[in-house]
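Student: I'll drop the sequence and a predicted model, then ask my questions.
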Amino acid sequence: MTIEEIKNKIEEFRSVFLWEEFTWRKGQQQAIINIIETYLNKTHNVVILDCPTGGGKSIIALCSSWILNQIGKKGYILASDIALQEQYEKDLKKINLMYGSVKGIDNYICSDNLEKNSLGTCRIRSKAASSMHCYEECPYFSARTRASKSHTSLLNYAYWLIMQNYANQHADEQLFPSRDFTFCDEAHKILDIIQNQYAPRFDSTINTKLEKITNFFNLHRIRNYSSDLHRIQIDIKLLKSEENQDKLFDILKSIESHVENFLPSYDKLKESIKINYPKDTPPKEWRDALRICEWIKDFHCKIEDYCDIISQTSTRNIIKNPSGNEEIVFNCLEESYMMKKYFHQWTGFTVLMSATFADPSDYLRSIALTGAKYIKVQSTFNFEKSPIYFYNQRRMSYTQIEANLPWLCATINKILDKHPHENGIIHSASYGLTMKILEGLSPKNKRRILVYSGTQEKKQVLEMLKTDTSKVLMGPSLIEGLDLKDSISRFQIIPKISYPSLSDKFTKVKMQLNPGWYHWKTIISLLQGIGRSVRHENDYAVTYILDACLIDLIHKSRKSFPAEFFERLKLVND
C-alpha cells in the first residue's frame, strides 16, 4: 500500500464514519500514515504515539485499526479503565463504527436473576450459557460474542490480560486470541497495571471470608476445611513477622496449597444448589457462599501466578510491602520478566499511546523494550490564556513543608481570591495535606472547598462542579482520569510536587535501584495533573505550582518535559 493509497483510505474513513464538518487536526493524518507504513514495512514492531491532550489519539487509533482491518488484519484497542473504555464506546456509537466492546463479567447484571453475572443463573447451576433461555438477551454474553467476532475489539487491560494469560490456556475455544496488532491507550500506566494484576494482597478480610466458607461447608457437610483454615491463619501471621525472602516464598507456597484445597468444593456447592434448589433462587447464605468461592478462585490465582513468577526468577525479587490498614502487598522487582511473559508476547504490532510519556527512552526501559518508532503529534492548543505560574522560593519537601505551611495557606487564599466566581481544583497530594490546607483557609474560601473521602463522594462533588461557578475541588487523587473542561475548572493549584511515596517499600527499592525512574514517575504525575483543566483547543485554565522542588526535577530531567511546558512557565518571586 502506497502513501497515496493510505491517504485514500483515511479519506474513506472520514467520509463514511465522521461527521460532515469534521476536519483532521494537525498531525493526525500523518500519524496514521506513519503507523500504517511502519506496520507494512516492518521497520519496527512497536510505535510510541506521543499525542497531547486534545490531539485526538482515539480517532487515530480507530482510523488506523480500520485501515488495518481493510487489509485483513485483526487487533485490539485497550483502555486503562472502565471509564476510558466507556468513552471509546460513546465515540464508536457516535461515528457508527461497529467495533465490539466487552468488560469484566461483573460489570453486567444477569437478566434472569438480576445478580452480578458471576452469580448469574447459568453459573450458579453450572449450565452452558448457550443452553439458557436468556442467552440471546444476556448483556455479558452478547457483548462478549460481538467483541470476539469484531475485527477490532475494545477491551480494558485487566480483561485482556485474563484472556491472554489464563482463559486462552484453559478454554477449548480462544475467544480473544493473540492478534495482529494492539493499540494501547494510556500506555504510561501499563507497568503499574501489570504489577497490580500479579500482586497478591493480604488484609483483615481474608480470615473472615475463609472462616465463613469453612463454617458453611461444615454445616452443609460438603467438606471439613478446619485444618486448612488453621494453617492459612498461621501462615498469614508468619507473613506479617517474616522478612527473609526465601522463607516468605515458602509461606506463600503453603498458603497457595491450602487455598487450592478449597477449590473442588466450589463445584460441589453448585451441584448441591442444583439438587436443593432446582427452580428457585438459592437463599442468601448460599449466594454469599458462591461469592466467597469466586473470591477464593481469584485469590488463589493471584498467589499461584506470583509464586510462579518468583520461581522463574528469584526469591530476591520478593518485595513484602505493608500498605496500611494491616494490608500486605507482595510486589515483584523483576518487572521485565513480567512484561515479557504477560504482555509483550501477546500484543503483535504494538502502538503505545499517551499524552504523557515524558522521556520516551526512560519509558521504554521501564517496560522492558528496546527500539520503537517514535511519533510526536504537536499540540495545537493556544496556551496564551493558560500560563503556569511557578512560585520558586519555598520547598514543600517532607522536611520543610511544616515550616512553609503558613505561607502555603496564605498563598492559596490569595489565589482563591483572584478567582472568586470560577471553579478550580487543588491537587493536594495527600489527605493529611488536604486537611492542613483547609484549616488554614479563610472562612470565605473554606465554604468554596469540596473535599471527599471515597470514590462515591468524589463522583458527587465532581457533579457539583458542573452546576456551580465558585467551587474548588481539593483532594489527593485528581491527577488522572478527570475531564474538567471549560468552566468546570478554570484554575488549578499544585501546592506540592507529588513524588511517589517512599513509605511504599516497593517504590523505595525501585528508586534506590533506578533514581531516573523515580523522577520520570514524578514528572508523569505532574504533567497529568496539569492536563486536567485544559481539554481542547479553545479551552483555558491558569495553573499555579507552589513547590520550589520543581527546580530539582527540571535540573535532573529537563528533556522529560514537553517544550510547551517551558513556554507556559512564568516565575513568581513571592
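Tutor: Alright, I've got the coordinates.
Student: mind jotting down where the strands sit in the stretch 401-550 of the chain?
Tutor: Applying DSSP state E, counting those that start in this stretch to the stretch 401-550 of the chain gives strands spanning 424-427, 449-450, 472-475, 491-494, 542-545.
Student: what do you get for the stretch 251-400 of the chain?
Tutor: 318-322, 328-332, 349-354, 373-376, 388-391.
Student: who's in contact with the longest one?
Tutor: Meaning strand 349-354. 35, 38-39, 45-51, 57, 60-61, 64, 75, 180-188, 190, 344, 372 (C-beta atoms under 8 Å, 6 or more residues apart in numbering). (C-beta placed from N, C-alpha, C; glycine too.)
Student: skipping adjacent residues, who's closest to the residue nearest to the spatial centre of the chain in space?
Tutor: The residue lying closest to the centre of the chain (C-alpha atoms, centre = their mean) is Ser80, at 4.4 Å. Closest residue to Ser80 apart from its sequence neighbours, by C-beta to C-beta, 6 or more residues apart in numbering: Glu186 at 3.7 Å.
Student: got phi/psi on that neighbour?
Tutor: When quoted as degrees, to the nearest 10, the phi and psi of Glu186 stand at phi 50, psi 50.
Student: isn't it up against Leu84?
Tutor: Yes - here Glu186 reaches Leu84: they are 6.5 Å apart, a contact under C-beta atoms under 8 Å.
Student: output the strands of the stretch 251-400 of the chain as a markdown table; include the columns mean pLDDT.
Tutor: As requested, those are exported to a markdown table (pLDDT from 0 to 100):
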| stretch | mean pLDDT |
| --- | --- |
| strand 318-322 | 95 |
| strand 328-332 | 96 |
| strand 349-354 | 97 |
| strand 373-376 | 95 |
| strand 388-391 | 97 |
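Student: okay, the ones you listed in TSV with mean neighbour count and distance to Gly440 next?
Tutor: Listed next are the strands of the stretch 251-400 of the chain as TSV, based on neighbours: other C-beta atoms under 10 Å; distance: least, C-beta to C-beta, whole Å:
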stretch	mean neighbour count	distance to Gly440
strand 318-322	19	31
strand 328-332	20	34
strand 349-354	24	36
strand 373-376	18	42
strand 388-391	20	16
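Student: measure Leu478 to Ile545 for me?
Tutor: As judged by C-beta to C-beta, to the nearest Å, Leu478 and Ile545 stand 15 Å apart.
Student: sorry, back to before: and among the strands of the stretch 401-550 of the chain, the most buried is which?
Tutor: Highest mean neighbour count among the strands of the stretch 401-550 of the chain (mean count of other C-beta atoms under 10 Å): strand 424-427, with a mean of 27.
Student: which other residues reach it?
Tutor: Contacts with strand 424-427, where a contact means C-beta under 8 Å, 6+ apart, come from 412, 416, 437, 449, 472-476, 478-479, 484, 489-495, 498, 529, 532-533, 541.
Student: give me the PyMOL select line for the contacts of strand 349-354, limited to the buried ones.
Tutor: Buried residues among the contacts of strand 349-354 (16 or more other C-beta atoms under 10 Å), as a PyMOL selection:
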select buried, resi 35+38+39+45+46+47+48+49+50+51+57+60+61+64+75+180+181+182+183+184+185+186+187+188+190+344+372
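Student: narrow the contacts of strand 349-354 to those in strands?
Tutor: Per DSSP state E, strands hold the following members of the contacts of strand 349-354: Val46, Val47, Ile48, Leu49, Asp50, Gly75, Phe181, Thr182, Phe183, Cys184.
Student: check contacts around Ile530.
Tutor: By C-beta under 8 Å, 6+ apart, the contact set of Ile530 is Ile388, Gln492, Ile494, Thr543, Phe565.
Student: actually, Gln378.
Tutor: Residues near Gln378 by C-beta under 8 Å, 6+ apart: Lys26, Gly27, Pro52.
Student: try Asp305
Tutor: Asp305 makes contact with Tyr198, according to C-beta under 8 Å, 6+ apart.
Student: distance-wise, check it relative to Pro200.
Tutor: Between Asp305 and Pro200 the distance is 8 Å, computed by C-beta to C-beta.
Student: same check on Ser265?
Tutor: Taken as C-beta to C-beta, the span from Ser265 to Pro200 is 21 Å.
Student: cool, Ala129 as well?
Tutor: For Ala129, the distance to Pro200 - C-beta to C-beta - is 30 Å.
Student: which of the two has more residues huddled nearby?
Tutor: A count of neighbours by other C-beta atoms under 10 Å puts Pro200 above the other of Ala129 and Pro200, at 20 against 17.
Student: what's the nearest residue to the more buried one if we skip its chain neighbours?
Tutor: Closest residue in space to Pro200, ignoring its immediate chain neighbours: Lys302 at 4.3 Å, by C-beta to C-beta, 6+ apart.
Student: how about Arg568, nearest residue that isn't a chain neighbour?
Tutor: Excluding the flanking residues, the one nearest Arg568 by C-beta to C-beta, 6+ apart is Ile388, at 4.5 Å.
Student: ok, now which ones touch that neighbour?
Tutor: Ile388 touches Ile530, Thr543, Tyr544, Ile545, Phe565, Arg568, Leu569, Lys570, counting by C-beta under 8 Å, 6+ apart.
Student: domain boundaries for the chain, per the record?
Tutor: Following automatic domain parsing, one gets these domains for the chain: 3-99+155-197+335-376, 105-149, 204-326, 383-572.
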